[in-house]
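S.K.: Let's see this in three dimensions:
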Amino acid sequence: MTKIAIIFDDRSRPETTGVYCRRALAPLADVVFFHPDDLATVPRAGFDLYLAIDDGHDYPLPPDLHPLVYYAIDTHIGFERSVRRAGQADCVFAAQKDGALRLRRSGIETARWLPLACDAEIHGRGDAERAGGGDEGKRGKGEEGRRGDAETRRRGERRQRGGRGDGRKAQRRGGERARDLLRR
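M.R.: Numbering: from 1, shown residues only. Got it, this is the predicted structure:
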């Protein structure tokens, strides 16, 4: 099984993107988490991949972690930090399309767009499940509190067809891209 060292700070923001990436990768690989405070203890051998996920903090990554993949989440905040970190990596992904383009223009040839996706366990549940089930649970206000306007119905129809507004479709595409990369 593929062994991945995943690096990000989960203390300052427990809901950081790295948490979701770690959960998504766990069924596909043996994932070992390292907090930035523990970078000196990261083994330099025994991993198929080192994955550093942007968490908004500016700490140096050890120069001898390879192959290193960097997932730049907030290229619109502290772009210079993203460029520095990306310069250390063997492969770079950016969560924003324009961020990937800016990174490539800054000399990071491997930068590719990999949009964020939702976590089906958290974000993919329907309204009734999220609110506690049953018709009376929707929005928590009973029948009179339900959103029944035409726009809401149209959004629901688009989701059923897999159109705009269906995060699960984007999640599948993102997951397929990640699986393809792990298989290489």
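
S.K.: count of residues packed around Cys118?
M.R.: 14 (other CB atoms under 10 Å). Every C-beta, even on glycine, is put in place using the N, C-alpha and C of the backbone.

S.K.: swap that for Ile77, please
M.R.: 10.

S.K.: which residues does it contact?
M.R.: Gly56 (CB atoms under 8 Å, 6 or more residues apart in numbering).

S.K.: mind redoing it with 10 Å?
M.R.: Asp54, Gly56 (CB atoms under 10 Å, 6 or more residues apart in numbering).

S.K.: so how far is Gly99 from it?
M.R.: 10 Å (CB to CB, to the nearest Å).

S.K.: what is in contact with those two at once?
M.R.: Joint contacts of Ile77 and Gly99 (CB under 10 Å, 6+ apart) are Asp54.

S.K.: Can you pull the domain assignment for this protein?
M.R.: 3-116, 127-184 (automatic domain parsing).

S.K.: Comparing those domains by mean pLDDT, which bottoms out?
M.R.: Confidence, taken as mean pLDDT, is least for domain 127-184 of the domains of the chain (a mean of 50).

S.K.: what ranges do the helices span in the protein?
M.R.: 17-25, 79-88, 97-105, 127-131, 150-161, 167-183 (DSSP state H).
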